[in-house]
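Novice: heads up, no residue letters with this:
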């Protein structure tokens, strides 16, 4: 593989970031509300995702496999077997798409300024490959999340990245005729698999840019409407959004129209239909309440008083102040060394790292087992487990 790796400079994100496109396309007023929202602290999941992306970048730039990063600190994470296995799927895919003569971009900053957008539109894509012989552009985005499987068809985030890549290639004197868009999401189930594609022409992509600019113009209107829905999931304005509050309260009121009820009914007394209705409502209410709790916690940490609430220390967990000193003390006290250290066999991923090219020798000894079942809406793309079959899974109790 002798494809040139184009050097890049890293850049930040902007208010109308492509990653937020699905949100502000559905709720134009969210841009306005996000300006009012206090700064949010990245969730552990977001930080882990950022670190996984960095693992992918390191792997592509240094030509190493993710397994070589296990137990190393990348960003704020110590890379474990699960992260390495997921990132390796991304690395394998990207490498499989490169041929001699291709132009390759890793973590490429993109800017749509030459297209005269209504607002600055800049971001950074994970991986792109341009093949001069066919004028085909491949844009790939790695998703580390496992909670929501991201759809590739009509994905505004990926199309925005592809537009940016076309602009960069134009600067280099290259013309794009076909655009291949791929999402690599190894940890979330999707019926189309962990790697999903959309193929469109460059003409279709630039036609879509007109829709993109129309969407952005709607967000700039002073009275841009607020629309609550699934797209609110990662909106930082959720805890202070009046439309989200209205929908959550309206949904809750609709579930309990009998004002004489002072204690919620026991689940065992509810019909299956009623349980389904309550679960549907709970998705909305729980999501909003969670964001309100997080907002309240952050406000209290900043010195804002919340009537009736305060911060208290979490339960303390006992641990050794110094492992080496503790080990010496236990040995001095007469405990055998085998008793003071826990021993267990290394994981399959760690074994494969040590075995290198001989890792196939243990392939037949490795199994992947589900830890049980979990509740999901009927629209979830995973295969349903029949009621009686649930007993086949390991109990979590």
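Specialist: Noted; the coordinates are in hand. Since the structure is predicted, the reported quantities are computational estimates derived from the model, not experimental observations.
Novice: so who does the nearest residue to residue 25 once chain neighbours are set aside touch?
Specialist: Spatial nearest neighbour of residue 25, excluding adjacent residues (Cβ to Cβ, 6 or more residues apart in numbering): residue 215 at 4.8 Å. For glycine as for every other residue, the C-beta is placed from the backbone atoms N, C-alpha and C. Counting by Cβ atoms under 8 Å, 6 or more residues apart in numbering, residue 215 touches 21, 24-25, 28.
Novice: Most neighbours among those, please name it.
Specialist: residue 24 (24 neighbours; other Cβ atoms under 10 Å).
Novice: Return the list of helices and strands in contact with the helix or strand encompassing it.
Specialist: Assessed by DSSP states H and E, residue 24 sits inside helix 21-26. Helix 21-26 sits against helix 30-36, helix 156-171, helix 202-219, with contacts defined as 3 or more Cβ pairs under 8 Å, 6 or more residues apart in numbering; DSSP states H and E.
Novice: Could you say which of these is packed most deeply?
Specialist: Mean neighbour count (mean count of other Cβ atoms under 10 Å) peaks for helix 156-171 among the helices and strands packed on helix 21-26, with a mean of 21.
Novice: residues in contact with it?
Specialist: Residues contacting helix 156-171 (Cβ under 8 Å, 6+ apart): 18-19, 21-22, 25, 103, 105, 108, 110-112, 114-115, 121-123, 125, 128, 130, 137, 139, 141, 152, 175-176, 179, 181, 183, 198, 202, 205-206, 208-209, 212.
Novice: Tell me what angle it forms with helix 202-219.
Specialist: 120 degrees (axes from the mean of the first three to the mean of the last three Cα atoms, to 10 degrees).
Novice: List of residues touching whatever helix or strand comes next after helix 156-171?
Specialist: Per DSSP H and E, the first helix or strand lying C-terminal to helix 156-171 is strand 178-184. Applying Cβ under 8 Å, 6+ apart, the contact partners of strand 178-184 are 89-90, 93, 134-143, 150, 152, 155, 158-159, 162, 166, 194-202, 204-205.
Novice: Quick one: buried ones out of those residues?
Specialist: 89-90, 93, 136-143, 150, 152, 155, 158-159, 162, 166, 194-196, 198, 200, 202, 205 (16 or more other Cβ atoms under 10 Å).
Novice: Name the residue most distant from the centre of this structure?
Specialist: residue 334 (49.5 Å; Cα atoms, centre = their mean).
Novice: and residue 69, how far is that from residue 151?
Specialist: The gap separating residue 69 from residue 151 is 29 Å, by Cβ to Cβ, to the nearest Å.
Novice: Between these two, which is the more surrounded one?
Specialist: Per other Cβ under 10 Å, whichever of residue 69 and residue 151 has more neighbours is residue 69, with 24 against 15.
Novice: now the residue nearest to residue 188 when sequence neighbours are not counted, what's its secondary structure?
Specialist: Of all residues not flanking residue 188 in the chain, residue 149 sits nearest, at 4.2 Å (Cβ to Cβ, 6+ apart). With DSSP: H, G, I helix; E, B strand; the rest coil as the basis, residue 149 sits in coil.
Novice: again with residue 100
Specialist: coil.
Novice: For the protein, which segments are assigned as strands?
Specialist: Ranges of strands within the chain are 73-74, 77-78, 103-111, 122-131, 136-142, 178-184, 195-201, based on DSSP state E.
Novice: Let me see the mean pLDDT of the helix holding residue 24.
Specialist: For helix 21-26, mean pLDDT rounds to 95.
Novice: centre of the chain versus it, how much separation?
Specialist: 16 Å (Cα atoms, centre = their mean, to the nearest Å).
Novice: for the residue nearest to the spatial centre of the chain, what are its contacts?
Specialist: Among the residues of the chain, the one closest to the centroid is residue 145, at 3.5 Å (Cα atoms, centre = their mean). Residue 145 makes contact with 45, 49, 185, 187-188, according to Cβ under 8 Å, 6+ apart.
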